[in-house]
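Chemist: Provided below are the primary sequence and the corresponding predicted coordinates.
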There are 2 protein chains.
Amino acid sequence: MILIKIGGGEAINLEATVADLATLEQPFIIVHGANVLRDQLAQRLGIDKTVLTSVSGYSSVYSDAAALEVIMMSYSGLRNKQIVELCQRNGINAVGLTGLDGRLVQGERNKGIRVRENGKTLIKRDLSGKPRSINTSLLSLLLENGYCPVLTIPIADENGYAINSENDDIIVQVAQALEIETVLQLIEAPGFLDDPGDENSLVARMSSAELHAREATVEGRIKRKLLALTRLCQGGKTRVIIADGRGEQPVINALAGAGTHIS
Amino acid sequence: MILIKIGGGEAINLEATVADLATLEQPFIIVHGANVLRDQLAQRLGIDKTVLTSVSGYSSVYSDAAALEVIMMSYSGLRNKQIVELCQRNGINAVGLTGLDGRLVQGERNKGIRVRENGKTLIKRDLSGKPRSINTSLLSLLLENGYCPVLTIPIADENGYAINSENDDIIVQVAQALEIETVLQLIEAPGFLDDPGDENSLVARMSSAELHAREATVEGRIKRKLLALTRLCQGGKTRVIIADGRGEQPVINALAGAGTHIS
């Protein structure tokens, strides 16, 4: 089984990605982002995005009720149904779901983010949390009956409230719950770059030990992504491919060796 | 089995509706609108809504690509996930779906609407169509496994493209496909009113013959609604209740006799 993460960047070639997926023989699950759509919609609606950086160096979007509404419109609504539509046009019988639907992704509400503001340490709570378990019986029910799940945020908290969560953390949970063999992440770069500013600095092969070492040296959102990748590779059963989602045949090329292969 | 249509008006009491549904013993399906959310979002985004009136007197919203995006954001995204969230908070294991997902509602693209403009008859084609069949196997799969389907637009055309459709027509298809006994429509009025301007003119009981007679005497969107209701009652197996969704206990009151009961 393959899990495809389609990044939320504007340059991702959705048409080519779905056309490739339609040629795969094995079953697959799609998890997708929509950060650019979310930011564009928030801007058009005049809703400001707040990014908090915790004292331990991880940054995340502050999710209030208005931010959750924008997530529901952009992730669960527009992008999810655009991908489902593309799948249906290509003969993939996709079913779009959020973590709320059937409590597919059961999360735990964050206790609060410790931030430094004006020389003080504050705890800020919002509508966000960590995915803790997957409703594998619903996913299996759909897969066994020929449907392709297309999954995105929000997820459910302990009381059924919609909360924001990191798609990278959701992927770790899905991969572990379903013992996924291959996780393919399509991004707006040729793969993992040694120098983020230089597209010619692709790291073609990486061990999970090397990934772990790199995680300790970076800051911000990429730190969170690398931490999730480290967790994905920890069991030793999942290989991760990070590859370019911008060109033609992004999935076929990645499975044939393009991008960064981590195992 | 009950099918609940939750209207897309602003005054519908969603919390009370879902709290009532959580007390029902029989399984149910929810179909919902979101026309007020759609109109508000379109206005905030500066997207104009075009309403066409056909030469035969039916009016409908003209659905171009931008209108479909607004539908995906407001119906499939915001309102669908708000209802799923409310269900999850009340212990109903809801799964939100559009007609695109698993081709739950297979439609047929409209050939075009015949309109009169400046003294000429023109054919206008858009991204809209009629629901023709229901993926009952997917609905049954969910219902048999304890999930409550929460359904809305868009639906799929013959080639898998997302198209707009009337929720009232979708309800007719679902009711016939699943042999639904009771269709409960929650609206922003006490029920069917003899005089639309007078909330005290409730028609408490109506035969399907009377419904058919009334359909011939009205114009505009209500004509389309009455036509759908007539089709619902045609088989004689489905009773229809149109009741007030604005107060407390809207479902319990309606099942106990409130509103307009048609059979």
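Modeler: It's in.

Chemist: All the helices of the stretch 1-150 of chain A, residue numbers only.
Modeler: A:14-21, A:35-44, A:65-71, A:80-89, A:136-144 (DSSP state H, counting those that start in this stretch).

Chemist: For residue A:104, grab phi and psi.
Modeler: phi -60, psi -40 (degrees, to the nearest 10).

Chemist: for the residue of chain A found nearest chain B, what are its contacts?
Modeler: Closest to chain B within chain A is residue A:77: 1.9 Å, counting by Cβ to the nearest Cβ. Every residue, glycine included, has its C-beta placed from N, CA and C. With contact taken as Cβ atoms under 8 Å, 6 or more residues apart in numbering or on different chains, residue A:77 is in contact with B:72, B:73, B:74, B:75, B:76, B:77, B:78, B:80, B:81.

Chemist: Please identify, among the residues you listed, the one with the most neighbours.
Modeler: residue B:77 (33 neighbours; other Cβ atoms under 10 Å in any protein chain shown).

Chemist: Between the contacts of residue A:77, which sits nearest chain A?
Modeler: residue B:77 (1.9 Å).

Chemist: Please report the confidence value the model assigns to that closest one.
Modeler: pLDDT, residue B:77: 98.

Chemist: ditto for residue A:222
Modeler: 75.

Chemist: low pLDDT regions in chain A?
Modeler: A:220 (pLDDT under 70).

Chemist: Enumerate every residue touching the residue nearest the centre of it.
Modeler: In chain A, the C-alpha nearest the mean C-alpha coordinate belongs to residue A:167, at 3.1 Å (Cα atoms, centre = their mean). Contacts for residue A:167 (Cβ under 8 Å, 6+ apart) come out as A:5, A:31, A:32, A:33, A:152, A:153.

Chemist: Repeat the analysis, applying 10 Å as the threshold.
Modeler: Residues in contact with residue A:167 (Cβ atoms under 10 Å, 6 or more residues apart in numbering or on different chains) are A:5-8, A:31-35, A:75, A:99, A:131, A:151-153, A:155, A:185, A:225, A:228.

Chemist: Kindly report the residues of the stretch 151-263 of chain A close to chain B.
Modeler: Applying Cβ under 10 Å from any Cβ of the partner chain, we find that the stretch 151-263 of chain A lies next to chain B at A:153, A:154, A:156, A:157, A:159, A:160, A:161, A:162, A:163.

Chemist: can you tell me which two in these are farthest apart?
Modeler: Using Cβ to Cβ, the two most remote members of those are A:153 and A:159, lying 17.2 Å apart.

Chemist: out of these two, which sits in the busier spot?
Modeler: Neighbour count, other Cβ under 10 Å: between residue A:153 and residue A:159, residue A:153 has more, with 32 against 8.

Chemist: Grab the nearest non-local neighbour of the more buried one.
Modeler: residue A:75 (5.2 Å; Cβ to Cβ, 6 or more residues apart in numbering or on different chains).

Chemist: returning to what we had before: got TSV for the residues of the stretch 151-263 of chain A next to chain B, with distance to residue B:233 too?
Modeler: TSV is the format used below for these (distance: Cβ to Cβ, whole Å):
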residue	distance to residue B:233
A:153	41
A:154	39
A:156	38
A:157	42
A:159	40
A:160	36
A:161	39
A:162	37
A:163	43
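
Chemist: Relative to residue A:127, which of these is nearest.
Modeler: Taking Cβ to Cβ as the measure, residue A:127 sits nearest to residue A:163 out of those, at 5.0 Å.

Chemist: who does whichever strand or helix holds that closest one pair up with?
Modeler: Taking DSSP states H and E as the definition, one finds residue A:163 inside strand A:162-163. If you go by DSSP bridges, strand A:162-163 pairs up with strand A:155-156 (antiparallel).

Chemist: now the strand it pairs with, how far from the centre of its chain.
Modeler: 14 Å (Cα atoms, centre = their mean, to the nearest Å).

Chemist: Count the neighbours of the residue lying closest to residue A:111 once chain neighbours are set aside for me.
Modeler: Excluding the flanking residues, the one nearest residue A:111 by Cβ to Cβ, 6+ apart is residue A:125, at 7.2 Å. Neighbour count for residue A:125, taken as other Cβ under 10 Å: 11.

Chemist: Deepest-packed of the helices of the stretch 1-150 of chain A, please.
Modeler: helix A:80-89 (a mean of 24; mean count of other Cβ atoms under 10 Å in any protein chain shown).

Chemist: which non-adjacent residue is nearest residue A:65?
Modeler: For residue A:65, ignoring the flanking residues on the chain, the nearest one in space by Cβ to Cβ, 6+ apart is residue A:127 at 6.8 Å.

Chemist: show me what contacts the one you found?
Modeler: A:62-65, A:67-68, A:71, A:109-110, A:154, A:157, A:161-165 are the contacts of residue A:127 under Cβ under 10 Å, 6+ apart.

Chemist: And residue A:9, by the same measure?
Modeler: A:33, A:34, A:35, A:36, A:186, A:187, A:188, A:189, A:245, A:246.

Chemist: can you pull the contacts of residue A:40?
Modeler: For residue A:40, counting by Cβ under 10 Å, 6+ apart, the contacting residues are A:10, A:34, A:70, A:74.

Chemist: should've said residue A:160
Modeler: A:100, A:103, A:106, B:84-94.

Chemist: same thing with residue A:27?
Modeler: A:1, A:2, A:142, A:143, A:144, A:146, A:147, A:148, A:149, A:178.

Chemist: And it, how far from residue A:245?
Modeler: 21 Å (Cβ to Cβ, to the nearest Å).

Chemist: do the same with residue A:121
Modeler: Counting by Cβ to Cβ, the separation of residue A:121 from residue A:245 is 39 Å.

Chemist: In terms of neighbours, single out the busier of the two.
Modeler: residue A:245 (26 against 9).
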